[in-house]
Every structure is written in structure tokens, then in C-alpha cells.
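Enquirer: predicted model and sequence follow; I will ask about them next.
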Amino acid sequence: MRIFVTGAAGFIGSSLVDRMLAQGHQVVGFDNFSTGQEHFLQAAGESPNFRLVRGDLLEFDKVQEAMAGADLVVHFAANADVRHGTEFPRRDLEQNTIVTWNVLEAMRRVGARRIAFSSTGSIYGEPTVFPTPENSPFPVQTSLYGASKLAAEGLIQAYSEGFGFEAYIFRFVSILGERYTHGHVVDFVRQLNRDAGKLHILGNGEQRKSYLYVQDCLNAIEVALNRSPDRVNIFNLGTNEYCRVIDSAGWICERMGVQPQVSFEGGERGWIGDSPFIFLDCSKIRSLGWAPRLTVREAVVQTVDYLTGNAWLLEARP
Ligand SMILES: NC(=O)c1ccc[n+]([C@@H]2O[C@H](COP(=O)([O-])OP(=O)(O)OC[C@H]3O[C@@H](n4cnc5c(N)ncnc54)[C@H](O)[C@@H]3O)[C@@H](O)[C@H]2O)c1
């Protein structure tokens with residue numbers, strides 16, 4: 001297969017690129033390196049089956065040119081941070097919704113017809129059904145990130161109906177593992193490296209969250225792409241467990257061998273759009289034979305080990 005991957009230099013995108021190359025596919029990676037890391041594409045760069053295009057998805061002509069000949073488009077590029085949405089209200093619209101339209105329109109023009117898209121559990125806002133299934137009552141949006149991803153999902157669905165695309169929409173919980181660059185584990189490890197005696201947590205620590213190991217996430221995507229027959233295929237991806245932020249903080253401290261004073265800021269939510277409880281019903285993807293290999297705790301610990309061995313990453317992103 002010839003696969004076009006947006007966000008190829010990112011945490012999840014670069015992990016997918018390596019996997020696709022190992023399976024013998026030809027991959028064109030597209031990235032503007034706004035949050036992507038050169039280092040993540042070092043191995044890929046040595047493969048004759050990989051081509052990197054440096055560019056911004058807002059540059060339509062460049063996207064169309066780079067995508068020509070693709071059998072599958074994996075659209076992972078995004079502004080992936082929920083937290084600072086209200087500081088930069090235009091960013092989610094541009095980086096998540098408008099670029100998705102560019103990707104879809106380029107697909108229509110070059111004749112690419114299959115798309116896999118990284119959506120998010122944040123599109124459920126603050127759901128009332130737990131675990132939350134894909135057909136949960138239509139959510140009220142609480143973050144600009146979630147809203148922009150839901151709008152992107154809508155565009156993908158409409159293009160699929162209108163132009164005969166086959167779409168795979170994956171609503172991830174938070175992803176952990178090798179090459180993890182943003183989220184609470186980086187925040188906590190960074191703080192504890194600076195001062196092992198203090199840990200400041202946004203929110204009251206009681207927020208309940210689900211996490212999934214990156215290789216389990218990629219396994220699920222592969223299973224869905226190989227077995228799911230509908231025009232629009234929507235899957236929640238997560239584990240069948242969750243933890244409190246304070247539990248995760250405890251595992252991180254234990255692994256790092258530290259016992260800090262813990263302080264808290266805010267109440268039930270750590271920031272605007274922080275959902276106090278995320279727990280997705282993943283029985284649909286499980287019915288295809290997929291199951292995660294790592295528990296939430298194992299994924300947290302593995303991420304701490306990765307960051308400890310790659311301390312440069314703690315400062316690589318703001
Ligand atoms: N990491 C998670 O926990 C998580 C959870 C749910 C959904 N997602 C989604 O998964 C996808 C990948 O997330 P990630 O954690 O790997 O994030 P990431 O920030 O590591 O990767 C995003 C990549 O996209 C690139 N990019 C961003 N805007 C671009 C643009 N306009 N043009 C070209 N390249 C651009 C960045 O440089 C980066 O390499 C995103 O769509 C994100 O919203 C991630």
C-alpha cells in the first residue's frame with residue numbers, strides 16, 4: 001500500500017510510520033514540525049520506502065501534490081492539546097477542522113478514497129453514560145479542541161457519503177508510551193526532575209481518566225482497517241479501566257523513587273474543557289478481536305521509563 005500520513009513526525013504518527021514501513025508499505029509523511037520531532041523520523045529516514053514532505057496542511061496545493069497516488073490517508077496532524085484552547089481560539093478551528101477539509105478535498109481531487117482519522121474522547125464533552133459508547137446521546141461540547149474534532153468528523157462523514165470515501169474514525173482516550181511528548185506524565189516527570197520535593201496537580205486529583213498504550217492503539221487501528229466493512233466506521237479506543245489522576249501521580253512518584261508534597265489547583269476540572277470522567281465503551285473494537293496488552297498502570301510506568309531515558313523530550317515542547 002501507498003500510505004500518506006499527516007502528523008508523521010508526531011508521537012503517534014511517527015510510531016505508525018515505523019510500523020507501516022516494517023510491514024513493507026510505501027509511506028509519504030507530511031509534517032510542519034510545529035510539535036513533531038526530527039528524532040522520531042530518524043529510522044524512517046533510512047528506509048527507501050519513506051519520503052518526508054515538510055509542509056503545512058493549510059497549504060492546499062502542497063498537500064494535494066504530496067498525496068498523489070495514495071491508497072490510504074492517515075490523518076493524524078492536529079493541535080493535540082486541549083488545555084490551551086481558550087488562549088488561542090482560532091488554532092483548533094484552523095489546525096483541526098480546516099486542515100481536515102484540505103485533506104478531504106485533496107483526497108477527492110487525487111482519487112484517494114480511504115481515510116483513517118484520529119479523533120478523541122473529548123468529543124463526548126461531559127457525558128452522562130459510562131462507559132460511553134460510540135452512539136452515546138449527542139454531546140454538549142466543553143472544549144474548542146473537542147468541538148473542532150467533532151466538526152472534522154462531520155466533514156469526513158459527509159465526504160464519505162458524498163464522494164464514496166471509506167472512513168475510519170478513532171476516538172482515542174489519552175495515549176501513553178514511547179515518544180509521548182505532552183500530557184500529565186510529561187508534566188509530572190518534568191516537575192519532579194526540577195524539584196523532587198514538590199508536585200503540583202491541576203484539578204483536585206480526583207478526575208477519573210482512561211489511558212491507552214500507543215502500540216495497543218496502533219494494533220486497534222490495524223484491526224479496524226483490516227476487518228471493518230462500513231462506509232463510515234467509528235471506534236472508541238481505550239482500555240476497560242480508568243484511574244484517578246492522583247493514582248497515576250502515585251505510580252509516577254513510586255517509579256521515580258520520590259515522595260513529594262502534593263498541592264492542587266482548581267476543583268473537579270484542571271482547566272476549561274478538562275472532563276472530570278473519561279471512560280469509553282470499547283466493546284465495538286473488542287468485538288473485532290482486539291484487546292489491549294498493557295493496563296493503565298503498566299502504560300504509565302512504561303512512559304515514565306521512556307521519559308527518564310529520553311530527558312531531552314521533557315524540554316522539547318512547551
Ligand atoms: N496523544 C493523545 O493522547 C491523543 C488523544 C486523543 C487524540 N489524539 C489525536 O491523535 C493525533 C496525534 O496526536 P499526537 O499525540 O501524536 O500529537 P503530536 O502533537 O505529537 O503530533 C501532531 C503532529 O502533527 C503535526 N502538525 C500539526 N499541525 C500541522 C499542520 N498544520 N501541518 C502539518 N503538520 C502539522 C505536528 O508537527 C506533529 O508532528 C492528533 O490528531 C490528536 O488530536 C491524541
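Expert: Yes, it's here.

Enquirer: CA atoms for contacts and neighbours, from now on please.
Expert: OK.

Enquirer: can you pull out the low-pLDDT segments for the stretch 1-150 of the chain?
Expert: For the stretch 1-150 of the chain, no stretch has pLDDT under 70.

Enquirer: need the residues of it near the ligand, please.
Expert: Proximity of the stretch 1-150 of the chain to the ligand, by Cα under 6 Å from any ligand atom, involves residues 7-13, 31-36, 55-58, 76-80, 95, 118-120.

Enquirer: the strand or helix carrying F188 - contacts with which helices or strands?
Expert: Assessed by DSSP states H and E, F188 sits inside helix 184-194. On a contact count with 3 or more Cα pairs under 8 Å, 6 or more residues apart in numbering; DSSP states H and E, helix 184-194 meets strand 198-202, helix 245-256, helix 296-309.

Enquirer: ok, that helix near the ligand or not?
Expert: No - judged by Cα under 6 Å from any ligand atom, helix 184-194 and the ligand are separated, with a smallest distance of 9.9 Å.

Enquirer: kindly calculate the angle that that helix makes with helix 245-256.
Expert: Angle, helix 184-194 to helix 245-256, by axes from the mean of the first three to the mean of the last three Cα atoms, to 10 degrees: 50 degrees.

Enquirer: now do helix 184-194 against helix 296-309, angle only.
Expert: 50 degrees.

Enquirer: re earlier: looking at the helices and strands packed on helix 184-194, which is buried most?
Expert: Across the helices and strands packed on helix 184-194, averaging neighbours per residue (mean count of other Cα atoms under 10 Å) puts helix 296-309 on top, at a mean of 20.

Enquirer: gap between that one and the chain center?
Expert: 17 Å (Cα atoms, centre = their mean, to the nearest Å).

Enquirer: other SSEs contacting the lengthiest helix in the chain?
Expert: Scanning the chain for the helix with the most residues, using DSSP state H, yields helix 144-163. On a contact count with 3+ Cα pairs under 8 Å, 6+ apart, helix 144-163 meets helix 89-92, helix 99-110, strand 114-120, strand 166-172.

Enquirer: residues in contact with that helix?
Expert: 79-82, 85-86, 89, 92-93, 96-98, 100-101, 104, 108, 119-125, 141, 165-167, 169, 231-232, 273 (Cα atoms under 8 Å, 6 or more residues apart in numbering).

Enquirer: filter those residues down to the buried ones.
Expert: Using 16 or more other Cα atoms under 10 Å as the burial test, the contacts of helix 144-163 include 79-80, 82, 85-86, 92-93, 96-98, 100-101, 104, 108, 119-125, 141, 165-167, 169, 232, 273 as buried.
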